[in-house]
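Colleague: Build me a structure from this.
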Amino acid sequence: MRPITRFLSRVPAIGDRYRAAGTFVVALVLCLFVNALIGEQLANWVVALGMDDARAMLIASMLVVALTGAMVTLPAAGSGATRWGTLAGFVVVEVIPFIVNAAQTKATPGLIANVNVAGWILQPLGILLLGAVSATAGVAIAERVRRDIGRLATAVRRRRWSWPLVPVAAALTVVVAGSSVVGLQQGPLVQLQTYGPPAVPSAVRTVAGLQPTWSNEIQLPGHIENRYVAGRAVLVYVPGVYAVDATLRLPVVYFLHGTPGAPQDWLGGGGQLQGVLAQLIARGVIPPLIAVAPDGNGPRGQDTEWGNSTHGNVESWLVQRVVPFIDSQYRTLGAPYRGIAGLSSGGFGAVNLALRNPAVFRWAASYSGYFSARPDIFGPLWAANSPQLTAASVPTALRMPLYLGWGAEDRAFAQATLQFASLVGRLRWPAVDTNEVAGGHGWQAWQAELVNSLVWLGRLWRTQPGGVSVAPVQRLRVPPQVRNLR
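Modeller: As a prediction, the model looks like this:
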């Protein structure tokens, strides 16, 4: 009987060990799954904030570990096994890749490097410490949430009169959650103001120094059409006047999103492209135009830099498929009145695509972009996709007007833009508009750059200061240097 009694006394401990081992495995596997699902997108998001790739991967791994710890802890109380499991996942997704990448990184060409043994020991341990902090934070937050939910349930049972507060609080949380996500993705300022067609009586004749010809046709609201080209999404803004005159032909501007991003970013709280265009068209600042927002992401949401890169042949798709599709489905004016613009990595893509295809795009704008391709995405083709290196090779007759904007507080991207502006200045580029606006690397700056660039584009496309008429848009005078591009 004594052996049996001894065994039975150990059963709870054995069960606890198996339970802990199971929790460890669940946390490890879930960490790897979450990293495979959203790790790269998180890293791209951090890069878009101005971080380098190495720090972006580290921060993304820390976020994945914290999220995994919280997910395992919420349904059941957290434990040491949860933290150890997520930390093991952190070793797999961050520490080991860091060591492998460090071993493959060569010294700066032309210099002799000495191996820092202490650094090789301390740096991985330092990264591991960050992982431990993230795992602990995720578990602690989830435990606090569990405790608060338990206290709320107890309070509701004791004070039955308070039960209506629960669905009200839940509904409020759901409604506010959207704004929380927008605040993280696009900044907390983007939902505080909206832009749309101006409700201005016909007696008003002066807006921003212009004297437009107010007409019901120009002020007709536009609409968004969802199209697909070769299985990829394309959003198309069509101005209201397009439906009034079946013979009307309009200019087209392509708008490229950043990374991480999507075509819808241009329509949301940050971009509000539809309202901005409607307002500028109604004021006569720009002629009515068609705006196209394509999807430049890779198959799993990867950053493609809007080129033919390791994540997809987006340049070929946009130039060879989307542009002909838009010209065949809509009444456009062709290449002389076709522009391309983008923000952040989309700004890089816009200028790069324009310089590589000068007969396709006759105006380009970069909103807080950069001008050197990433070798990890383009591989051996990075130099051929770096505007900083390719601008000089564009024939003088095909050098399109360039708008280069940046935010005053956007240090890294401002410096890149200023360097490129200096380059095209030395090349005596025929038309360049450089513009510093308030804000950092976000929608406060991007929207201001969007408006400023379109005001300049309206002047380039022959909008007259004395007023604009709708019908003559199809008869816009083509500058001599681009007549042969039709």
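
Colleague: for Lys106, helix, strand, or coil?
Modeller: Judged by DSSP: H, G, I helix; E, B strand; the rest coil, the three-state class of Lys106 is coil.

Colleague: Find me the pLDDT at it, would you?
Modeller: pLDDT for Lys106: 71.

Colleague: could you measure it against Tyr403, distance?
Modeller: Distance, Lys106 to Tyr403, using CB to CB, to the nearest Å: 39 Å. C-betas here are computed from N, CA, C, even on glycine.

Colleague: For those two, work out which one has more neighbours and name it.
Modeller: Using other CB atoms under 10 Å as the criterion, Lys106 and Tyr403 rank with Tyr403 on top: 28 against 6.

Colleague: Which element, helix or strand, includes the more buried one?
Modeller: Tyr403 is part of strand 402-407 when elements are defined by DSSP states H and E.

Colleague: Does that strand pack against any helices or strands, and if so which?
Modeller: strand 363-367, helix 411-426, strand 432-437, helix 443-460 (3 or more CB pairs under 8 Å, 6 or more residues apart in numbering; DSSP states H and E).

Colleague: what's the closest of those to Ile224?
Modeller: For the helices and strands packed on strand 402-407, the distance to Ile224 is smallest for helix 443-460, at 16.7 Å, taking CB to CB.

Colleague: Mind listing residues that contact that closest one?
Modeller: 186-187, 189-190, 253, 269-273, 276-277, 280, 285-287, 339, 341, 343-344, 363, 365, 367-368, 401, 403, 405-408, 410, 431, 433, 435, 437-439 (CB atoms under 8 Å, 6 or more residues apart in numbering).

Colleague: Need the CA coordinates for that helix. PDB is fine.
Modeller: Extracted in PDB, the C-alpha atoms of helix 443-460 (Å, rounded to 0.1, in the frame of the first residue of the first chain):
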ATOM      1  CA  TRP A 443      -0.800  62.200 -42.700                       C
ATOM      2  CA  GLN A 444      -0.400  65.700 -41.400                       C
ATOM      3  CA  ALA A 445       2.500  66.200 -43.800                       C
ATOM      4  CA  TRP A 446       1.200  63.900 -46.600                       C
ATOM      5  CA  GLN A 447      -2.100  65.600 -47.000                       C
ATOM      6  CA  ALA A 448      -0.500  69.000 -47.100                       C
ATOM      7  CA  GLU A 449       1.900  67.700 -49.700                       C
ATOM      8  CA  LEU A 450      -1.000  66.200 -51.700                       C
ATOM      9  CA  VAL A 451      -2.800  69.500 -51.800                       C
ATOM     10  CA  ASN A 452       0.300  71.500 -52.700                       C
ATOM     11  CA  SER A 453       1.300  69.100 -55.400                       C
ATOM     12  CA  LEU A 454      -2.200  69.200 -57.000                       C
ATOM     13  CA  VAL A 455      -2.200  73.000 -56.900                       C
ATOM     14  CA  TRP A 456       1.000  73.000 -58.900                       C
ATOM     15  CA  LEU A 457      -0.300  70.300 -61.200                       C
ATOM     16  CA  GLY A 458      -3.400  72.300 -61.900                       C
ATOM     17  CA  ARG A 459      -1.100  75.100 -63.100                       C
ATOM     18  CA  LEU A 460       0.900  72.700 -65.300                       C
END
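
Colleague: Can you point out the buried residues in it?
Modeller: Buried residues in helix 443-460, defined by neighbour count with 16 or more other CB atoms under 10 Å: 443-458, 460.

Colleague: mind showing which ranges of the protein have poor pLDDT?
Modeller: 1-18, 47-53, 77-78, 107-113, 156-166, 168-219, 269, 462-486 (pLDDT under 70).

Colleague: Mind splitting it into its structural domains?
Modeller: 9-106+115-163, 223-485 (automatic domain parsing).

Colleague: out of everything not next to it in sequence, what's closest to Gly439?
Modeller: Excluding its sequence neighbours, the residue lying closest to Gly439 (CB to CB, 6 or more residues apart in numbering) is Ala445, at 3.5 Å.

Colleague: ugh, wrong one, Ser316
Modeller: Nearest residue to Ser316 in three dimensions, chain neighbours excluded: Asn308, at 5.8 Å (CB to CB, 6+ apart).

Colleague: bridging residues for that neighbour?
Modeller: On the basis of DSSP bridges, Asn308 is bridged to Asn313.

Colleague: Run a quick neighbour tally on it.
Modeller: Asn308 has 19 neighbours, counted by other CB under 10 Å.
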